[in-house]
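Novice: fold the following, please.
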Amino acid sequence: MALEAKGIPTVTLISCSFCTLAQAVSSQLDYPGLPIHLLPHPLGHRDLDVVKGRGRDATSEVARILTTPNDVLAAEFAEKIFPLPEHAVAR
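Specialist: This is a model prediction of the structure:
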């Protein structure tokens, strides 16, 4: 958020297990439009090819976020609802 405040575009790459926490914290820090790209959980996979594939899968959305004007992103991500982590959903 410090980089965004200086006009440097950023994107937060986070797994679904921590996404709602990231939104809550960014909102408390008066940055409710934090650009977030959701990655599969867990991030730490033993198979390096899986990790590389997840990175490749994220590139087009990360590029879109980094090249979209901040005001457009703020509106998009302030209203975005991410799924709750699997372990937080009643079964």
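Novice: moving C-terminal of the helix or strand residue 54 falls within, what's the next helix or strand?
Specialist: Taking DSSP states H and E as the criterion, residue 54 maps to helix 48-66. Downstream of helix 48-66, the first helix or strand assigned by DSSP H and E is helix 70-78.
Novice: tell me the angle of that following helix relative to helix 48-66?
Specialist: For helix 70-78 against helix 48-66, the angle by axes from the mean of the first three to the mean of the last three Cα atoms, to 10 degrees is 120 degrees.
Novice: list of residues touching helix 70-78?
Specialist: Contacts to helix 70-78, defined as Cβ atoms under 8 Å, 6 or more residues apart in numbering, come from residues 4, 9, 32, 33, 34, 35, 36, 65, 68. The C-beta positions use only the backbone N, C-alpha and C, and glycine is treated the same way.
Novice: buried set for that helix?
Specialist: Neighbour-count burial for helix 70-78, counted by 16 or more other Cβ atoms under 10 Å, picks out 73, 74, 77.
Novice: ok, and the closest non-adjacent residue to the residue nearest the centre of the chain?
Specialist: For the chain, the residue nearest the mean C-alpha position is residue 36 (2.1 Å; Cα atoms, centre = their mean). Once flanking residues are discounted, residue 36 sits nearest to residue 12: 4.7 Å by Cβ to Cβ, 6 or more residues apart in numbering.
Novice: isn't that neighbour up against residue 25?
Specialist: No - using Cβ atoms under 8 Å, residue 12 is not in contact with residue 25; the gap is 10.4 Å.
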